[in-house]
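Trainee: sequence and predicted structure are below.
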Amino acid sequence: MKKIIFYILASSLMSSVVTIAAYKKYVKEEGLFYPPYFNPLSEKAKLNSSLVSSAGLPDFTKVVEKTVHAVVNVKNYSKNSNNQLPFDPFDFFFGFPDDFGERGGNSGRNYQKKDDLPGYHGSGVIVSPDGYIVTNHHVIKDADKIEITLNDQRSYRARLIGTDKSTDIALLKINEKNLPFIYFSDSNKVKVGEWVLAIGNPFDLNSTVTAGIISAKNRSLGLLRGETQSAIESFFQTDAAVNPGNSGGALVNTNGELIGINTAISSNSGNFIGYSFAAPSNLVGKVIRDIRKYGAVQRAYLGVRGMDLSKTEYLKAYNNETHQNIKTQQGFLIGEVFEKSGAYDSGIKKGDIIKSIDGKKIQNIADLSFIIGTKHPGDQVKIDIFRKKEMKVFYVILKDIKGRTKIRNKEEIIPLEFLGAKFEVLGKEDRKDFGIDYGIKIIEIQVGRLSDIGMEEGDIILSINGVKIRKPNDVNRILKNYSGDVTIKSIKQNGQVYIAGFEMN
C-alpha cells in the first residue's frame with residue numbers, strides 16, 4: 001500500500017513539474033503578451049463534469065465563476081455635436097437599405113449631452129492581469145474619455161492603446177494589477193454545435209450570461225465595409241442571446257476560454273431575434289499583438305479581387321460576361337489581380353480558382369480573408385489553384401497595402417497609425433493669420449492619441465515636449481524610442497492655445 005501511495009504521489013509530482021516546465025518554456029519563448037495569454041493546458045482541461053447537473057441538465061456555473069469577473073463595462077464619453085450616439089452594429093443589422101436613412105442616424109435614441117454622462121456603453125474583456133482590455137472599435141469610436149467598470153464596481157479611466165477598423169477590434173489599458181482575465185483558446189478548433197456562453201452588459205445590465213451553440217463558422221456579412229474597404233469578416237454565428245451593450249463582450253467555450261468577441265446580431269429591430277456574431281479569437285489575438293508590439297496592425301494582402309463560387313447569381317453573371325461555364329463549387333474565383341502584389345508576382349491570374357491556402361480549404365471570401373488576415377507582410381503562403389482543369393501550386397510572399405514585405409516598427413508608423421493623424425508643413429496664410437513662423441498642420445485625423453486628447457483637423461501643433469515642430473518628420477525624431485508622458489502645445493482654429501498630453505507605451 002505504501003508503494004502504491006508513493007507511486008501515485010510521485011506521478012502527480014512529475015505531472016506538475018512537466019506542466020510547470022512546459023508553461024515556463026511557453027512563456028519564455030512566446031512572451032506573456034505575444035501571443036495573448038493562452039492556456040497551455042487547454043486540450044487537457046476538462047470541465048465536462050461541471051456541465052451536467054444532478055438532474056442531468058447543462059450546468060455552466062463553474063464556467064461562469066471562472067470568467068464573469070473578467071468581463072467589464074466600457075463607457076464611451078463622446079462629445080458628438082449632433083447629440084447622437086455613435087453607430088453601433090447592434091442597433092440594426094440585416095435591415096432594408098431604405099431604412100438606413102431613418103433608423104441609422106440615432107437608432108431612436110437621442111442623447112441629451114452632459115459632460116458627466118456616457119454617450120454609449122458596451123462591454124470589454126480583460127486579457128491580461130496587468131489591465132489590457134479588448135473591446136470593439138465601434139464601442140470606443142469618437143470617445144473623448146473611456147471609463148471601465150469592473151464586475152466589483154471599481155472604475156478606472158482607460159487609455160486607448162490602438163484600434164483596428166478592419167476587424168472592429170480595439171485595445172484598452174487600465175492601471176491595475178492582479179486582475180482576473182480570460183485565457184485565449186485556438187478558435188480554429190471550434191466546432192459547429194459546441195456549447196458557448198456570451199458574457200456582457202446588455203442594456204447596461206452588468207454581468208449578463210447567456211448560453212447557446214456555435215451555429216456556423218466563417219460568416220462574411222458586409223458589416224464592416226462601411227468603415228473600411230479592407231474589412232476582414234469571418235464571424236462565428238451563435239444562438240446565444242446578445243443585445244445592445246454586448247458589443248465587445250466575451251464568447252467563451254466550456255473550458256472558460258475566449259473563443260470570440262461578440263460584435264453583431266441579426267435583427268431588424270435592434271434586439272436579439274435568433275443569431276449573433278463574434279470575431280474569432282485567433283484574429284483578435286493577431287490584432288492586439290500587433291497593436292501592442294508595433295503600435296498598429298501589420299496587415300498583409302494577397303492582392304486579388306473576386307467572388308465566392310457558391311453565389312449562383314453572381315457566377316451566372318460572370319459566365320455570361322466572360323463566355324465561360326464555371327460551375328458552382330467550393331473555392332474563390334479571382335476576377336482581378338493587382339499589379340505588384342504578391343499574387344501578381346507569383347503568377348496567379350484572373351480566372352484562377354483558389355481551392356486552399358496553407359492546406360486549409362477555401363469555401364468563401366470569409367475563409368480567405370481570415371487566413372490572410374492572420375498573416376503579416378513578408379509571410380509566405382502556399383496556394384492551391386485550379387486553372388483550366390489542372391491543379392497548380394503557387395507560393396506567394398504577402399505584401400502590405402503599399403507593396404512592402406517588411407514589418408514596420410513603431411518609429412515608422414508614429415504619424416498616422418499611432419497618433420492617428422497626417423500633417424503638412426505650415427503654409428504662408430496660416431503663418432500670417434496666427435503670427436507664427438513654425439508648426440505643422442493636422443490635415444487628417446483618425447482614432448488615435450491626438451483624437452483622444454481632443455485635437456481636430458486644422459489644429460496646428462507648435463511643440464512636443466517643449467521642442468518646436470517645423471516639419472512632420474520632427475514628430476518621428478522626438479517620439480522615436482521615447483516612453484513616458486508627452487506634452488503637445490497647439491493652436492485651435494479660433495486662435496486658442498491648447499496644451500494637452502498623453503502617455504506613450
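Mentor: Perfect, I can see it now. Predicted model only: the values in this text are computed from it and were never measured.

Trainee: whichever strand or helix holds V74 pairs with which strands, and in what direction?
Mentor: Assigned by DSSP states H and E, V74 belongs to strand 71-77. Applying DSSP bridges to the sheet, strand 71-77 is found paired with strand 120-126 (antiparallel), strand 145-149 (antiparallel).

Trainee: what about it, distance to the chain center?
Mentor: 16 Å (Cα atoms, centre = their mean, to the nearest Å).

Trainee: for that strand, C-alpha coordinates in CSV please.
Mentor: Coordinates of each C-alpha in strand 71-77 appear next as CSV, following Å, rounded to 0.1, in the frame of the first residue of the first chain:
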residue,chain,number,x,y,z
VAL,A,71,-15.8,41.0,-18.5
VAL,A,72,-16.1,44.7,-17.9
ASN,A,73,-18.5,47.6,-18.7
VAL,A,74,-17.0,50.1,-21.2
LYS,A,75,-18.4,53.6,-21.2
ASN,A,76,-17.8,56.0,-24.1
TYR,A,77,-17.9,59.7,-23.1
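
Trainee: and G124, bridged to which residues?
Mentor: Those that pair with G124 in a beta bridge, by DSSP bridges, are V72.

Trainee: what count of nearby residues applies to it?
Mentor: 32 (other Cβ atoms under 10 Å). For every residue, glycine as well, the C-beta is placed using N, CA and C.

Trainee: can you give me the strands in the stretch 101-250 of the chain?
Mentor: 120-126, 132-136, 145-149, 155-164, 169-173, 195-200, 208-219, 235-238, 250-252 (DSSP state E, counting those that start in this stretch).

Trainee: the fourth one packs against which elements?
Mentor: Yep, that's strand 155-164 we're talking about. helix 137-140, strand 145-149, strand 169-173, helix 281-294, helix 449-452 (3 or more Cβ pairs under 8 Å, 6 or more residues apart in numbering; DSSP states H and E).

Trainee: repeat that with 7 Å
Mentor: helix 137-140, strand 145-149, strand 169-173, helix 281-294 (3 or more Cβ pairs under 7 Å, 6 or more residues apart in numbering; DSSP states H and E).

Trainee: ok, residues contacting that strand?
Mentor: 133, 137, 140, 145-149, 170-176, 287, 291-292, 295-297, 447, 452, 503, 505 (Cβ atoms under 7 Å, 6 or more residues apart in numbering).

Trainee: ok, that strand: who's next to it in the sheet?
Mentor: With DSSP bridges as the test, strand 155-164 pairs up with strand 145-149 (antiparallel), strand 169-173 (antiparallel).

Trainee: just say which of the ones you listed is most tucked in.
Mentor: strand 169-173 (a mean of 25; mean count of other Cβ atoms under 10 Å).

Trainee: what about it, distance to the chain center?
Mentor: The answer for strand 169-173 is 8 Å, by Cα atoms, centre = their mean.

Trainee: still on that earlier bit, I'd like the helices and strands packed on strand 155-164 as JSON lines, with mean pLDDT and distance to V304 appended.
Mentor: Shown next, in JSON lines, are these (pLDDT from 0 to 100; distance: least, Cβ to Cβ, whole Å):
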{"stretch": "helix 137-140", "mean pLDDT": "89", "distance to V304": "26"}
{"stretch": "strand 145-149", "mean pLDDT": "91", "distance to V304": "37"}
{"stretch": "strand 169-173", "mean pLDDT": "93", "distance to V304": "24"}
{"stretch": "helix 281-294", "mean pLDDT": "90", "distance to V304": "20"}
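
Trainee: export these to TSV and tack on distance to Y344?
Mentor: Listed next are these as TSV, based on distance: least, Cβ to Cβ, whole Å:
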stretch	distance to Y344
helix 137-140	31
strand 145-149	42
strand 169-173	29
helix 281-294	25
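
Trainee: nearest to I214, out of those?
Mentor: For the helices and strands packed on strand 155-164, proximity to I214 was assessed by Cβ to Cβ; helix 281-294 is nearest, at 12.7 Å.

Trainee: CA atoms of the closest one as PDB?
Mentor: Output of helix 281-294 as PDB, limited to C-alpha atoms (Å, rounded to 0.1, in the frame of the first residue of the first chain):
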ATOM      1  CA  SER A 281     -10.100  34.700 -31.000                       C
ATOM      2  CA  ASN A 282      -7.200  33.900 -33.400                       C
ATOM      3  CA  LEU A 283      -8.000  37.000 -35.400                       C
ATOM      4  CA  VAL A 284      -8.500  39.100 -32.300                       C
ATOM      5  CA  GLY A 285      -5.200  37.800 -30.900                       C
ATOM      6  CA  LYS A 286      -3.300  38.800 -34.000                       C
ATOM      7  CA  VAL A 287      -4.700  42.300 -34.000                       C
ATOM      8  CA  ILE A 288      -3.900  43.100 -30.300                       C
ATOM      9  CA  ARG A 289      -0.500  41.500 -30.600                       C
ATOM     10  CA  ASP A 290       0.300  43.800 -33.500                       C
ATOM     11  CA  ILE A 291      -1.100  46.900 -31.700                       C
ATOM     12  CA  ARG A 292       0.800  46.100 -28.600                       C
ATOM     13  CA  LYS A 293       4.100  45.200 -30.300                       C
ATOM     14  CA  TYR A 294       4.200  47.600 -33.300                       C
END
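
Trainee: could you give the angle of that helix to strand 155-164?
Mentor: 100 degrees (axes from the mean of the first three to the mean of the last three Cα atoms, to 10 degrees).

Trainee: contact partners of whichever helix or strand comes after helix 281-294?
Mentor: Proceeding N to C from helix 281-294, the next assigned helix or strand is strand 304-308, under DSSP H and E. The contact list for strand 304-308 (Cβ under 7 Å, 6+ apart) reads Y314, F332, L333, I334, G335, E336, V337, A343, I348, N364, I365.

Trainee: mind listing what the fifth one touches?
Mentor: By Cβ under 7 Å, 6+ apart, G335 lies in contact with R305, G306, M307, K350.

Trainee: tell me the secondary structure at it.
Mentor: What DSSP: H, G, I helix; E, B strand; the rest coil gives for G335 is strand.

Trainee: can you check the pLDDT for it?
Mentor: We have a pLDDT of 87 for G335.

Trainee: same thing with the first one?
Mentor: Predicted confidence (pLDDT) at Y314: the value is 70.

Trainee: next one: phi and psi at it?
Mentor: The phi and psi values for Y314, taken as degrees, to the nearest 10, are phi -70, psi -40.

Trainee: can you check the last one too?
Mentor: Here the main-chain torsion angles of I365 (degrees, to the nearest 10) amount to phi -60, psi -30.

Trainee: count the neighbours of K286 for me.
Mentor: Neighbours of K286 using other Cβ under 10 Å come to 23.

Trainee: does it touch K375 like I think?
Mentor: No: taking contacts as Cβ atoms under 7 Å, K286 lies outside contact range of K375: 8.4 Å.

Trainee: overlap of the contact sets of the two?
Mentor: In contact with both K286 and K375: no residue, using Cβ under 7 Å, 6+ apart.

Trainee: which residues does I334 bridge with?
Mentor: Residues in beta-bridge contact with I334 (DSSP bridges): G306.

Trainee: sorry, back to before: of all the helices and strands packed on strand 155-164, which lies closest to D204?
Mentor: strand 145-149 (10.1 Å).

Trainee: what does the closest one contact?
Mentor: 72-77, 118, 124, 133, 140, 155-158, 160, 172, 174.

Trainee: please redo it, this time with the cut-off set to 10 Å
Mentor: 72-79, 115, 118-119, 121, 124, 126, 131, 133, 135, 139-140, 154-160, 170, 172-174, 176, 201, 206, 452, 454 (Cβ atoms under 10 Å, 6 or more residues apart in numbering).

Trainee: now it against strand 132-136, angle please.
Mentor: Using the same axes, to 10 degrees: strand 145-149 against strand 132-136 is 110 degrees.
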